[in-house]
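Visitor: Predicted model and sequence below, questions to follow.
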There are 2 protein chains.
Amino acid sequence: MRQLSSVLRANCCSSFRKPFLRAPPGRVYPTQSFATTPAHRRFQLPRQKREAAMAHDMTTLKGKPFDRASLESLMRRRMFYTPAFEIYGGVSGLYDYGPSGCALTNNIIDVWRKHFVLKENMLEVDCTMLTPYDVLKTSGHVDKFADWMCKDPKTGEIFRADHLVEEVLESRLKGDKEARGQKVDVDEEDPKKKKKKVKSITAVKLEDAVAQEYEEVLAKIDNYNGEELGLLMKKYDIRNPANNSELLPPVSFNLMFQTAIGPSGHIPGYLRPETAQGQFLNFQKLLDFNQQQMPFASASIGKSFRNEISPRSGLLRVREFLMAEIEHFVDPEGGKKHPHFDEVKDVELELLNREVQLAGKTHAETTKIGEAVKIGLVDNETLGYFLARIQLFLLKIGVDPKKIRFRQHMANEMAHYATDCWDAELLTSYGWIECVGCADRSAYDLTVHMKRTGAPLVVREPRKEPLKVEEWQCDIDKKKFGPKFKKDGKAVEAAIEALSQDMREKLSLDLASEGKITIDVPAVGDGKVEVPKELISIEKRTRVENVREYTPNVIEPSFGIGRIVYALCEHTYWTREQDEARGVLSFPPTVAPTKVLIVPLSSHADFKPFVRKLNNKLQDIGISSRVDDSGASIGKRYSRNDELGTPLGITIDFQSVKDDSFTLRDRDSTQQVRSSLDEICKAISNLVNGTEQWSDVAQRLPKFEGQEVD
Amino acid sequence: MRQLSSVLRANCCSSFRKPFLRAPPGRVYPTQSFATTPAHRRFQLPRQKREAAMAHDMTTLKGKPFDRASLESLMRRRMFYTPAFEIYGGVSGLYDYGPSGCALTNNIIDVWRKHFVLKENMLEVDCTMLTPYDVLKTSGHVDKFADWMCKDPKTGEIFRADHLVEEVLESRLKGDKEARGQKVDVDEEDPKKKKKKVKSITAVKLEDAVAQEYEEVLAKIDNYNGEELGLLMKKYDIRNPANNSELLPPVSFNLMFQTAIGPSGHIPGYLRPETAQGQFLNFQKLLDFNQQQMPFASASIGKSFRNEISPRSGLLRVREFLMAEIEHFVDPEGGKKHPHFDEVKDVELELLNREVQLAGKTHAETTKIGEAVKIGLVDNETLGYFLARIQLFLLKIGVDPKKIRFRQHMANEMAHYATDCWDAELLTSYGWIECVGCADRSAYDLTVHMKRTGAPLVVREPRKEPLKVEEWQCDIDKKKFGPKFKKDGKAVEAAIEALSQDMREKLSLDLASEGKITIDVPAVGDGKVEVPKELISIEKRTRVENVREYTPNVIEPSFGIGRIVYALCEHTYWTREQDEARGVLSFPPTVAPTKVLIVPLSSHADFKPFVRKLNNKLQDIGISSRVDDSGASIGKRYSRNDELGTPLGITIDFQSVKDDSFTLRDRDSTQQVRSSLDEICKAISNLVNGTEQWSDVAQRLPKFEGQEVD
């Protein structure tokens, strides 16, 4: 894969367009319309959004220009992450999290669990990643979770077709601009690559009409299917930029990793591309566990896998990633109210709605969620409740409130069955990145699995008033049914069960005239099944319904934890005024990888028992600390821990030996206070639990200005 | 797979023999001796151990006979686990954890992290599960992580060869016993299967000599390789028990799940069979992160995968499982002392040593770990330290102290390079199950990866006194070296670097006489590389060494979390005297899935605000609670939560409405106290954090005996 990156990396700004979290085509577009809605489209944000996201003017917390290269260097140096298998040459799209990144992620997950699972009594499950073929066939992933790729027959190099077309046309347009003496925009690019990129642009003037055509193609690049992309490549003579060879026509490439389960190889399986399916399959048992009470939510935290054609953009597009997904099951009747909606109705969100986007704008409007639901902008209370709760979660872990917005999906981005869908996007130097998707998916998922398996993925509740319904009923002779259809019996039965009233009426006539009916059962044989009149009768009767049966709708907030972790690092990163090279990561204490740095003034033996005592005391109260007793200056030691995002530091000096007092330093202000061990530990505990801010502590405890430690 | 289970499940008692956690053959036996040490042997516990493990007399906490079927029914009913993809027919060896099992596992992981990672400042990493071929080739998994399987050519059924031979011979021996009118032992079998099994035994008397031969084969069943198993099958006419067809000869089946990474399919990959490799590969970066300080440990918690031929024994042998592994890196010189060994030296362990096992006994001896290290029974302090810490962890989460032992590996179970190895085994109805492995693996893992990649996976530390060494040195002409060997240069260089002094002396003579040397470089071409004298010189010189360079040894505690979870459920399960059907899981509050059940006396509207207030208050202090306001009797509601292992219950009654007081119930004793909201919450918090026991609370707060709720 690596040989691709130099070509494709040029187009960094497009990397944020493919939602990371979801959207296998089968789930977003109905099967029947898939032919006309190419696989890529669902992954794409509208063109204008990409333009707006160029990161010319990204600034840090302190208002200084943001420099991605410095942050990435810091993150690797301090082992937030590292390319996996690096000593073996690495594999693109696979990263390991080191101690800092792993602890940060664990702490974020911990907050997530408290904020969502504990707060709502969600039913957390842990389902297997290995998933058999049938499940993902039903969900639509086997057929349609794919991108278009094309191959260089000479070198074997593989390109993602839409990316390549975009790449080449953009490069030609830039060459045209240069030839016309206009300024060429390279700001979105990694500074390291700037030089190289400018070099690779050949200044060739294009015909005005051709340039116009290129612009139009680029505006619609997300809408082409494989065949159309192939035609574009022919028409514009788009070749392998490295060696100018012609490429083979685009073919579909499924993004799931395949394997075989068991020794016979007879059970084809995949690594799950999302955690949602396991939750749907267990719906019935979860409802039982919840004592049949609706609404309720399940949740799952775990790894998912996507075999990206050309992974890039660091941690934003990877082949193995951590997701946290919620499936909130709700009665479709009664307006999908949420019992706790009142608690969040005044939360203000930046909403970028569908109409604004259609008008080619990217202006998000500050709206109270209560108002947004009231005017119908957000479809229902439950969806609105989760949008607000998502924002509260993001703020809790330290995301910059000025860099969050909620973007509504366009009608053509959304599945036909979806009611409404919003993405929480975080602004990064790669543009606005989808980090959380939140969709009302109606009854789609439960319905397809129920149809395929016959398992009753439904809620049954007693009616207060019995319901009388006049209807066509199918009666099956079960005794004959089993022997005739054998293992397919259940599927045939389910298909009959699912017949509409109109169809039943029509079939009753067939039965009378032909002595048999023919029905569609996709899972059986050629999909057509004949049922003779000995096995079935169809009659119009009045049914009294005492029990209401319905398929719940599902509201699905889906979090890409790796993306959130990366965006959080960008949001909290800044450099100290006095020295540009000294980076700081201002994580809130709750999520910081390590909470406290313990620094003895020197390696003097007198300090050792105090180091030990402090360390033990902090361990006892469950607070992670690290000791730095290296020979480096105190300033240098604190500086290292600023880069690790450690919010607090304790210095042990000769005063400590005398009177058992210690200084506590705040990472962001570099202010220090001095007090007894107990007071210092209490302050730390409060800061980590969020019950106090540094300003409270600084006011409460005596200030200390003895040492230079910033 | 499912058709196998009826045959193979019969042999439940053998299921605990294959250590779950580790032991790819390449790591346990040296490559060269593998031909004579069959793949199975490393997985096996000695025969006498299996015999001893028969679970005739398993008792619950309360001394009553343990009934596995009831516990398993409870665990499924209360959704601790459930077969994955059940509505699609399921896939054997894959299980989902439901809300109870998932919360229990998360809580155990939380304790694990505090007990190990936080306490020792371990460097936790999260490495990818997708692993490229090269890494697992080097580690030995590609060639040797395999079992022997044989196929029925007619039906396609697949059997694990050693299990089948064992199965059939045991069954014939039982038939012989029956024919001789002796009592047939079926106690180790699942009660449900008893009848079936006894039935399937055909009472046929064997010749005395044949019976004797069978016994001998069974005693050595763990030692046969594929060819030998094939000969046994021919000799004893062992066929498919279901249809009596002859089977094909055993072939090796690699237990790793294979996949392809990237669209070209050129990067073959596997799902990791253990989490250890990622930690080894990152050694250099972790040492840097730790500021070059030794010793230190890394840790990792995550899923691993093994494509078992015939998974069985429920949660004990699965295809996807959670591991927690520690790699503690230590200087091999200086006796592998541990700085905190004194803290644990008086911890008493049940040690089943190698000599006792060799003598055919299974008697474990209670020994203080300090003593065990002193007399050399446990090889070194660091290994001993971890054995003690493992036991303390197991006790903390609620494992029955009478059902833990540490079994030393026999010499032939251990790798040639390993110094010592002990398994923490927990007694269950399946026998003694290996739940934690703890091995001193010497420098093996770092060495093989260093040899293969040339990456310096070593520690360099300044010597206090420079060391003078007289030695043969190889000087390479790097300018010519690169152009000649190209990409192989590094590997060739590393191979030269690794030459022994004797070999260098010999090669210096070759160089003089033949003008070239030939060395072994397994990773290059046919494994032999010629280096002409233009590129290398070999001379005897005195070297002054200011820096000491060494490959650390690694002590590896490796936890099978799923096995621990299952054993913990067996250990904490009992039934209330008054009604055998009422199961209780006595989890300690720290690990219990839910801490508090909130029970309003009835659905009376007056109770609702109190339910809400209590629930919110508990959420604020981070304690998971569930409300049961169903119409069921209080006793029934408590009974349900006994099965979930919920340690505490709060009842809201009319008294609560009057004076804001509540009753708190202890699951195990069914005692109740009554007090104010604040007092009750404080008591709950103390019980969950482990700072108070129920007996303390019962003494402190007024007893309440108003309702029948047990």
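Guide: It's in. Numbering: from 1, shown residues only, chains lettered A, B, ... in the order given.

Visitor: I'd like the next helix or strand past the lengthiest strand in chain A.
Guide: Using DSSP state E, we find that the single longest strand of chain A is strand A:459-476. Toward the C-terminus, strand A:459-476 is succeeded by helix A:478-485 as the next helix or strand (DSSP states H and E).

Visitor: Quick one: residues in contact with that following helix.
Guide: With contacts defined as Cβ atoms under 8 Å, 6 or more residues apart in numbering or on different chains, helix A:478-485 is touched by A:489, A:492, A:493, A:524, A:529, A:534, A:535. Bear in mind the C-beta positions are built from the backbone N, C-alpha and C, glycine included.

Visitor: I'd like to know which of those residues are buried.
Guide: Buried members of the contacts of helix A:478-485, scored by 16 or more other Cβ atoms under 10 Å in any protein chain shown, are A:489, A:492, A:493, A:524, A:529, A:535.

Visitor: Just the ones of these in strands?
Guide: residue A:529.

Visitor: rewinding a little: please compute how far the longest strand of chain A lies from its chain's middle.
Guide: The chain centre lies 41 Å from the centre of strand A:459-476; the measure is Cα atoms, centre = their mean, to the nearest Å.

Visitor: Now do the buried residues in it.
Guide: In strand A:459-476, counting by 16+ other Cβ under 10 Å, buried: A:459, A:472, A:474, A:476.

Visitor: again with stretch A:373-382
Guide: A:373, A:377, A:378, A:379, A:380, A:381, A:382.

Visitor: Do a quick rundown of the strands in the stretch 101-250 of chain A.
Guide: A:123-124, A:130-132, A:146-151, A:158-160 (DSSP state E, counting those that start in this stretch).

Visitor: For residue A:508, which of these is the nearest?
Guide: Nearest of these to residue A:508, taken as Cβ to Cβ: strand A:130-132 at 38.2 Å.

Visitor: Which other helices and strands does that closest one contact?
Guide: Using 3 or more Cβ pairs under 8 Å, 6 or more residues apart in numbering or on different chains; DSSP states H and E, the elements in contact with strand A:130-132 are strand A:258-261, strand A:267-271.

Visitor: try 6 Å this time
Guide: Under the contact definition 3 or more Cβ pairs under 6 Å, 6 or more residues apart in numbering or on different chains; DSSP states H and E, strand A:130-132 sits against strand A:267-271.

Visitor: Name the next helix or strand following the strand it packs on along the chain.
Guide: Sequence order places helix A:276-281 as the next helix or strand after strand A:267-271, per DSSP H and E.

Visitor: what distance separates that next one from the centre of its chain?
Guide: Counting by Cα atoms, centre = their mean, helix A:276-281 comes out at 17 Å from the chain centroid.

Visitor: Could I get the pLDDT score of the spatially most central residue of chain A?
Guide: In chain A, the centroid-proximal residue (Cα atoms, centre = their mean) is residue A:560; its distance is 3.0 Å. With respect to pLDDT, residue A:560 scores 97.

Visitor: do the same with the one 10 residues further on
Guide: Looking at residue A:570, its pLDDT stands at 97.

Visitor: about what we covered before: is it possible to get CSV of the buried residues of strand A:459-476 that adds pLDDT and distance to residue B:342?
Guide: Shown next, in CSV, are those (pLDDT from 0 to 100; distance: Cβ to Cβ, whole Å):
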residue, pLDDT, distance to residue B:342
A:459, 97, 60
A:472, 92, 82
A:474, 92, 78
A:476, 89, 76
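
Visitor: Just the buried residues of the helix or strand in which residue A:426 is found, please?
Guide: Mapping residue A:426 onto the secondary structure by DSSP H and E places it in strand A:420-428. Applying a neighbour-count criterion of 16+ other Cβ under 10 Å, the buried positions in strand A:420-428 are A:420, A:421, A:422, A:423, A:424, A:425, A:426, A:427, A:428.

Visitor: Need the nearest residue in space to the third one, chain neighbours excluded.
Guide: It refers to residue A:422. Leaving aside its chain neighbours, residue A:422 sits nearest to residue A:406 (4.8 Å; criterion: Cβ to Cβ, 6 or more residues apart in numbering or on different chains).

Visitor: Contact residues of the stretch 501-650 of chain A facing chain B?
Guide: Where proximity means Cβ under 6 Å from any Cβ of the partner chain, the interface of the stretch 501-650 of chain A facing chain B comprises A:619, A:624, A:630.

Visitor: The last one: neighbour count?
Guide: The number of residues packed around residue A:630, counting by other Cβ atoms under 10 Å in any protein chain shown, is 14.

Visitor: Quick one: residues contacting it.
Guide: If you count contacts by Cβ atoms under 6 Å, 6 or more residues apart in numbering or on different chains, residue A:630 has them with residue B:291.

Visitor: tell me the SS of it?
Guide: Taking DSSP: H, G, I helix; E, B strand; the rest coil as the rule, one finds residue A:630 in the coil state.

Visitor: For it, give me the backbone phi and psi.
Guide: phi -70, psi 170 (degrees, to the nearest 10).

Visitor: And the pLDDT at it?
Guide: 84.

Visitor: Any regions of the stretch 101-250 of chain A where pLDDT drops low?
Guide: Applying pLDDT under 70 to the stretch 101-250 of chain A picks out residues A:184-201.

Visitor: what does it have sitting close to chain B?
Guide: A:102, A:118, A:123-128, A:130, A:132, A:134-135, A:149, A:158.

Visitor: May I ask which two of the residues you listed are separated the most?
Guide: Distances among these were taken as Cβ to Cβ; the most separated pair is A:118 and A:158, at 45.1 Å.

Visitor: More neighbours: which of these two?
Guide: Between residue A:118 and residue A:158, counted using other Cβ under 10 Å, the more crowded position is residue A:158 (24 against 17).

Visitor: Which residue, other than its chain neighbours, is closest to residue A:463?
Guide: Using Cβ to Cβ, 6+ apart, the nearest residue to residue A:463 is residue A:548, at 5.2 Å.

Visitor: now the longest helix along chain A, how far from the centre of its chain.
Guide: The helix that spans the most residues within chain A, counting by DSSP state H, is helix A:161-179. Here the centre of helix A:161-179 is set off from its chain's centre by 29 Å, with Cα atoms, centre = their mean.

Visitor: Now it: buried residues?
Guide: A:161-178.

Visitor: One more: stretch A:138-151?
Guide: If you call a residue buried by 16+ other Cβ under 10 Å, then stretch A:138-151 has these buried ones: A:138-151.

Visitor: cool, stretch A:673-680 as well?
Guide: Here stretch A:673-680 shows A:673, A:674, A:675, A:677, A:679, A:680 as buried, counting by 16+ other Cβ under 10 Å.

Visitor: The last one and residue A:661 touch, don't they?
Guide: By that I understand residue A:680. No. Residue A:680 is not in contact with residue A:661 according to Cβ atoms under 6 Å; the separation is 8.3 Å.

Visitor: wait, residue A:470 sits on residue A:542?
Guide: Yes. Contact criterion Cβ under 6 Å: residue A:470 and residue A:542 qualify, at 5.2 Å.

Visitor: returning to that earlier point: max pairwise distance over the buried residues of stretch A:373-382: which two?
Guide: The largest separation in those, counting by Cβ to Cβ, is between A:377 and A:382 at 14.9 Å.

Visitor: still on that earlier bit, now render the buried residues of stretch A:373-382 as CSV, adding distance to residue B:332.
Guide: Output for the buried residues of stretch A:373-382, formatted as CSV (distance: Cβ to Cβ, whole Å):
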residue, distance to residue B:332
A:373, 66
A:377, 67
A:378, 63
A:379, 65
A:380, 65
A:381, 64
A:382, 60
